[in-house]
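Enquirer: just coords:
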């Protein structure tokens, strides 16, 4: 069966927790705080899922104005389904939903840099040597 990529207005919290909790992002996301995950999903402007036989096996969660720029806060594929092109498919689906006039940025966790180095150029995603991030807590 083929992977189905679709925009989801309201991704179920359990799907997010299952996919992200079984990916390189799991240790960096508040997967034990269902209310916070629900707020993250609610606040997203674009969520694209990858489903196999109805099961969510990957997701992309983005913040965007749909005019100029998007930030992909989460791009995750469940560990059991990695190596099948799903991450690349999610990036391509985001591009389709955003349109050609919208750029997209993201920050990679260290464990996923190899994925972006390998597949990024094929979806027009290029590395920049200067990215900055403000921590959630001051002084950390």
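Expert: Good, I have the coordinates. No experiment lies behind these values; they were computed from the predicted model shown.
Enquirer: Tell me the buried residues in stretch 103-112?
Expert: Neighbour-count burial for stretch 103-112 flags 104, 106, 108, 112 (criterion: 16 or more other Cβ atoms under 10 Å). From N, CA and C alone the C-beta is placed, and that goes for glycine too.
Enquirer: How about stretch 7-14?
Expert: Residues of stretch 7-14 classed as buried: 8, 11, 13 (neighbour count, 16+ other Cβ under 10 Å).
Enquirer: What strand or helix carries the second one?
Expert: Read that as residue 11. Under DSSP states H and E, no helix or strand contains residue 11.
Enquirer: next one: the one 3 residues further on
Expert: Counting by DSSP H and E, the secondary-structure element that holds residue 14 is helix 13-21.
Enquirer: Quick check: buried residues in that helix?
Expert: Neighbour-count burial for helix 13-21, with 16+ other Cβ under 10 Å as criterion, is recorded at 13, 15, 16, 17, 18, 19, 20, 21.
Enquirer: ok, residue 103 touching residue 69?
Expert: Yes - applying Cβ atoms under 8 Å as the test, residue 103 and residue 69 come out as touching, 5.4 Å apart.
Enquirer: show me where the protein has strands.
Expert: For the chain, the strands defined by DSSP state E cover 4-7, 46-52, 55-64, 69-77, 103-106.
Enquirer: Figure out how far the third one is from the centre of its chain.
Expert: To tie it back to what came earlier, the one meant is strand 55-64. Distance, stretch centre to chain centre, for strand 55-64: 5 Å (Cα atoms, centre = their mean, to the nearest Å).
Enquirer: Likewise for stretch 23-37?
Expert: Mean C-alpha position of stretch 23-37 versus that of the full chain (Cα atoms, centre = their mean) differs by 13 Å.
Enquirer: start to end distance for that stretch?
Expert: One end of stretch 23-37 to the other measures 16 Å (Cα to Cα, to the nearest Å).
Enquirer: ok, and what's touching that stretch?
Expert: 13, 16-17, 20-21, 74, 76-79, 82, 109, 111-112 (Cβ atoms under 8 Å, 6 or more residues apart in numbering).
Enquirer: nearest to residue 45, of those?
Expert: Nearest to residue 45 out of those is residue 74 (Cβ to Cβ; 12.8 Å).
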